[in-house]
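Novice: no sequence on hand, only this structure:
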């Protein structure tokens, strides 16, 4: 007996919500970035599940591209965080508020 | 049997995802992310997407988490001081996440996705089929993706160079 599509969709939505919670609650830029990755992976899980249960391969190919873009995104994002740290000596988002006023 | 494996893997994934959000130390968070990705790779195997599971472990667990750990080692000298719990903020965050998950699940339930069995073999099970797709229907996206990786690499070089040159002039 295989798990149903509903189970996979609910799991991926729960995973997405956990990542969203982390983005809202945490103050460390690196942790926020990790939670963003979590949300991305949750979306890929839903894509793979839909692709499997509908018998098409387009979702799988799309996930392949998502993984490539995610690798590029992580590299650029971490470079920006390192540059930010060099400039401001902090990566806590509540101290990076020079655009606030 | 498959049901038991699914329950175990989803419990592992969700627990480790919560670990990423709640971990005091960013290094523990990165380790939880690693375990969470291992769980997702297991779920991909259950969905017959073997190639994607392999790529997920290779790219995410091998490269991305290692990169995260390097940057945490480089920057996060303050250790555990980061996680200050603010009740109002946490309440708002939990409410937003609960709303989001309720909305998504309502769409999933109202949409009647159905509990039917999977159709066909599963595309990811055959590498040949996969490669055929990539080099026929998705040839242009593959080229664009290669260009994107090149641009990202150049961007990273530019970002890290400009800052390091600006620093001594200050």
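Specialist: Done, it's in. Since the model is a prediction, treat every value here as computed from it, not as a measurement.

Novice: quick check: the residue of chain A nearest chain B.
Specialist: Scanning chain A for the residue nearest chain B gives residue A:57, at 2.8 Å (criterion: C-beta to the nearest C-beta). C-beta here means a position set from N, CA and C on the backbone, and glycine is covered the same way.

Novice: in this structure that residue contacts residue B:132, no?
Specialist: No. Using C-beta atoms under 8 Å, residue A:57 and residue B:132 do not qualify as a contacting pair, with a distance of 9.2 Å.

Novice: measure residue B:45 to chain A for me?
Specialist: Residue B:45 sits 11 Å away from chain A, going by C-beta to the nearest C-beta, to the nearest Å.

Novice: contact partners for that residue?
Specialist: Each residue near residue B:45 by C-beta atoms under 8 Å, 6 or more residues apart in numbering or on different chains is listed here: residue B:53.

Novice: would you map the helices across chain B?
Specialist: For chain B, applying DSSP state H gives helices covering B:2-22, B:26-46, B:50-55, B:65-75, B:87-110, B:127-135, B:139-169.

Novice: okay if I get those helices as TSV plus mean pLDDT?
Specialist: Compiled in TSV, those are given as follows (pLDDT from 0 to 100):
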stretch	mean pLDDT
helix B:2-22	92
helix B:26-46	93
helix B:50-55	90
helix B:65-75	90
helix B:87-110	86
helix B:127-135	85
helix B:139-169	83
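
Novice: which of these sits closest to residue A:67?
Specialist: Set against residue A:67 and scored by C-beta to C-beta, those come closest in helix B:50-55, at 5.7 Å.

Novice: off-centre distance for that closest one?
Specialist: On the basis of C-alpha atoms, centre = their mean, to the nearest Å, helix B:50-55 is displaced by 14 Å from the centre of the chain it belongs to.

Novice: any part of that helix near chain A?
Specialist: Yes. With C-beta under 8 Å from any C-beta of the partner chain as the threshold, helix B:50-55 lies in contact with chain A, specifically through B:51, B:52, B:55.

Novice: in that helix, what's buried?
Specialist: Of the residues in helix B:50-55, those with enough neighbours to count as buried (16 or more other C-beta atoms under 10 Å in any protein chain shown) are B:50, B:51, B:52, B:53, B:55.

Novice: contacts for that helix next, please.
Specialist: So helix B:50-55 is contacted by A:44, A:48, A:60, A:63-64, A:67, B:41-42, B:44-45, B:124-125, B:127, B:130 (C-beta under 8 Å, 6+ apart).

Novice: kindly state the domain boundaries assigned to chain B.
Specialist: Per automatic domain parsing, the domain ranges recorded for chain B read B:1-78, B:126-170.

Novice: please identify the deepest-packed of those.
Specialist: Most buried of these, by mean neighbour count (mean count of other C-beta atoms under 10 Å in any protein chain shown): domain B:1-78, with a mean of 19.
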